[in-house]
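S.K.: coordinates only, sequence not included:
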């Protein structure tokens, strides 16, 4: 005899008394909570796979992503190489000309007199593999 698990088609969810106001606000703003939750689950599966979100490696990935997104909040533009997103090693392809974003400012030399309005500090941009942050 086979002991197949029957898939559930209905789940009940009891909220804890310590949920935040934002939680309830989000919940109340959903026109179709079942569809909203399904979309969120499929989004999580696409990003992190089907392991439990409580597993250490999934939690670590989610924390890293939240850290990066928070650091970028309010920024005008972001360019990320596909090789970084795919987890491959970043490389510079000389066959593809580099596009400069209009939001990126040119580097200026540091002035000897820091009180002058044209004095700007130099910014050292480096390629960073997001997986190496944590």
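M.R.: All right, it came through fine. These figures come from a predicted structure and were not determined experimentally.
S.K.: Counting neighbours, what do you get for residue 50?
M.R.: A count of nearby residues for residue 50, using other Cβ atoms under 10 Å, gives 8. C-beta here means a position set from N, CA and C on the backbone, and glycine is covered the same way.
S.K.: what helix or strand does it sit in?
M.R.: Under DSSP states H and E, no helix or strand contains residue 50.
S.K.: wait, what's in contact with it?
M.R.: The contact partners of residue 50, taken as Cβ atoms under 8 Å, 6 or more residues apart in numbering, number zero.
S.K.: Skipping its backbone neighbours, what lies nearest residue 52 in space?
M.R.: The spatial neighbour of residue 52 that comes closest, neighbours along the chain excluded (Cβ to Cβ, 6 or more residues apart in numbering), is residue 58 at 6.7 Å.
S.K.: these two touch, right, the one you found and residue 64?
M.R.: No. Counting by Cβ atoms under 8 Å, residue 58 does not reach residue 64; the two are 10.8 Å apart.
S.K.: before we move on, the earlier item: and the helix or strand hosting the residue nearest to residue 52, what's buried?
M.R.: Using DSSP H and E, residue 58 falls within helix 56-72. For helix 56-72, burial by neighbour count (16 or more other Cβ atoms under 10 Å) applies to 58, 61.
S.K.: Show the secondary-structure elements that that helix is packed against.
M.R.: helix 33-48 (3 or more Cβ pairs under 8 Å, 6 or more residues apart in numbering; DSSP states H and E).
S.K.: which residues of this structure score low on pLDDT?
M.R.: Residue ranges of the chain with pLDDT under 70: 1-3, 77-78, 84-134.
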